[in-house]
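Chemist: my questions are about this predicted structure, shown below with the sequence.
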Amino acid sequence: MSRKIIEVEGPKWVEQGIITAEQEQRLLALYPVDDKAIGLLPLLGSLLVLLSALSLIAANWQDLPLLVRFGILLGSVAGSYAAGEYFRRRGNTQLGMGLVGLGLILFGTSIILTSQMFQLIGYDVTGLVAWGVAGVGLTYLYRSRLLFVMTVAIGGIVQGYNTEALGAFSYATAVFTALTLGYYWWRYPDALLGAVLATGLLWQAGLLIGVLHIKITWFFVAAMLIYAFGDWQADRPAGRALQGPPLVAAFLFMLGLAIFGEAGSYTDRLQPPLLAYLVALGAVLVLSLAGKKARGRLSSATDWLLLLPGFYLPAGLPLAVAALVVLYAYTGTLLWRAHQEQNPDRVTLGTVLFILTTAVAYFRLTWGFMNKSLFFLLGGILLLGLSWYLRRRAVQTAAPDASTPNP
Amino acid sequence: MAVLPTPANRRVWLVLLVGAQLLFIAAVAAAGYATTAYGRTVQLRTAPVNPRDLLERDHLRLTYGITYLPLSLWQEAKEPRRRQPVYVALRAQGNAYAAVRVYEQEPRALPSDQVILRGWVVGSSRRTLRLRYGLERYYAPESQVKALNKKGPHALLVHVSIAPWGQARITEAEVLP
């Protein structure tokens, strides 16, 4: 409950005799006025001063003597960290962490600007890897979610630069971010961090596939390996959050196949050697299932239906139909599980995905051989009927909660 | 876990971590000096530099004579791929260096009059190979950039120092008459 609710609703409660005026005041006293807004003014003021200093330096950067430029870089890095630590100790945690984050950004900027000062070419990625190492160190030191998210982003930037500009994948960066940040998430489970970490690692896996010029479906072996770690995580919400991005990627991929599967122009990039692919994916599946079993969540094994390799079918209608079958198998079981678990959120998600799949299926399978107005009419009726049915099921699912007796 | 900092030794860790970052920035600067000190200097001729718009006032964009190379210098089994790192052997020809051959892997032994500069494939056509060396931007004080731009189209002779470990940097750019 927040102060605002009491301020707005309090007078009505007093009027209706639920609480007395004195009780209202006591309740209000429990939620003191947030004085964060007041602290904002000096912060904005110093931000302006900082920006003015920054633009002055930036305008004259190349004309400043080398040593002065170097001193400014070192000073600003050290200064941000010192100021961050100072404010943190004084109890102003958010400002303190913000300044430490600024220090981390300035460290990366300093590496780049120093290379520029000496006209050093982007020769290898060592400088930027050091940036990631610093981010990990600070994340562990401060146990800060902000720094964790920043470090995931830095890892993605470093890997992106490395593949784009230097034409090589830095395995060191990938393994280092996966191990250090993965271990941090394992020790301090957190839903947001799980989703961010999985997204960052998927990005790196995607870049690796691009650099190696291998079939894009190998991506899902890496994605499901990330997913499998979510199965072993004891903290359920954190584990589910880590599994979100891989599932979203697999779902979107299948949806794309269902929509564009007939084009066939890229289907030659989908089929890795069957045996090797199935063995690799199977090994990950075993790891995942063992985790599910150990944590007593075997019912979520239906997620793996999304990974049925329908893309081995020839391009054209068979491929589109196979993709749709995979999508229906997944969304169908998702809905079924949601109803069994009586989980309203998941019923909504399953409903949306189910309707999306149906829309795609309808579009794919009927567009070619049906009069267009009839197409829209039938499509509309089909979707309306589906949503009506699914909503009825959803209401029935939610009903036991809603029917608790009123006081 | 012993790995994770405890409140007691947090301060030590912080000092170590920040100190290491400052040292690293210093090491980048040291790498700059070391490249000049231990490197071998080659001169590269640029294509005429055109006056650029005012936005790019802190650097010049350079195209070198070795930016476009005949595909005949590529004698590897595989076709060159976009973004692939390559090793260009250079040899002195007059007052500047010219490319002799483009390798996929760094060659182990070279004639003593040749030197290797690393580059990256930008693209290739039937006859030419376009490369990038990371030396395409020359950062200079605004006054110098302005003066160079005022001269109108002109070529530069760029002095590049290549360290034995492959790192390279521009040390000087002189205006050719």
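Modeler: Structure received. Source: prediction; values computed, not measured.
Chemist: show the subsequent helix or strand relative to the helix or strand containing residue B:22.
Modeler: Using DSSP states H and E, residue B:22 maps to helix B:10-38. Per DSSP H and E, the first helix or strand lying C-terminal to helix B:10-38 is strand B:40-45.
Chemist: pull the longest strand seen in chain B out as PDB, backbone CA atoms only.
Modeler: What stands out as the longest strand in chain B, according to DSSP state E, is strand B:114-124. The C-alpha coordinates for strand B:114-124 follow below in PDB (Å, rounded to 0.1, in the frame of the first residue of the first chain):
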ATOM      1  CA  GLN B 114      58.900  -7.300 -46.700                       C
ATOM      2  CA  VAL B 115      56.600  -6.400 -43.700                       C
ATOM      3  CA  ILE B 116      53.200  -7.700 -42.800                       C
ATOM      4  CA  LEU B 117      50.200  -5.400 -42.100                       C
ATOM      5  CA  ARG B 118      47.000  -6.900 -41.000                       C
ATOM      6  CA  GLY B 119      43.800  -5.900 -42.700                       C
ATOM      7  CA  TRP B 120      40.200  -7.000 -43.100                       C
ATOM      8  CA  VAL B 121      38.200  -7.800 -46.200                       C
ATOM      9  CA  VAL B 122      35.500  -5.200 -47.000                       C
ATOM     10  CA  GLY B 123      34.500  -6.800 -50.200                       C
ATOM     11  CA  SER B 124      35.700  -8.300 -53.400                       C
END
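Chemist: what is the mean pLDDT for the helix holding residue B:22?
Modeler: Averaged over helix B:10-38, pLDDT sits at 88.
Chemist: got phi/psi on residue B:127?
Modeler: With angles defined as degrees, to the nearest 10, residue B:127 sits at phi -110, psi -30.
Chemist: ok, the residue nearest to it when sequence neighbours are not counted - how many residues close by?
Modeler: Spatial nearest neighbour of residue B:127, chain neighbours left out: residue B:71 (5.5 Å); criterion: C-beta to C-beta, 6 or more residues apart in numbering or on different chains. In short, each C-beta sits where N, CA and C put it, glycine included. When counting by other C-beta atoms under 10 Å in any protein chain shown, one arrives at 15 neighbours for residue B:71.
Chemist: is it true that residue B:71 touches residue B:130?
Modeler: No. Counting by C-beta atoms under 8 Å, residue B:71 does not reach residue B:130; the two are 10.2 Å apart.
Chemist: before we move on, back to that, adjacent strands (with direction) for the helix or strand following the longest strand of chain B?
Modeler: The C-terminal neighbour of strand B:114-124 among helices and strands, as given by DSSP H and E, is strand B:128-132. For strand B:128-132, the paired strands and their directions (DSSP bridges) are strand B:68-70 (antiparallel), strand B:114-124 (antiparallel).
Chemist: list the buried ones in the shortest one?
Modeler: For strand B:68-70, a neighbour-count test (16 or more other C-beta atoms under 10 Å in any protein chain shown) marks residue B:69 as buried.
Chemist: near chain A, anything from the very next helix or strand once past it?
Modeler: Of the helices and strands lying after strand B:68-70 in sequence (DSSP H and E), the nearest is strand B:85-93. Yes. Strand B:85-93 lies within reach of chain A by C-beta under 8 Å from any C-beta of the partner chain, at residue B:85.
Chemist: no more questions from me, cheers.
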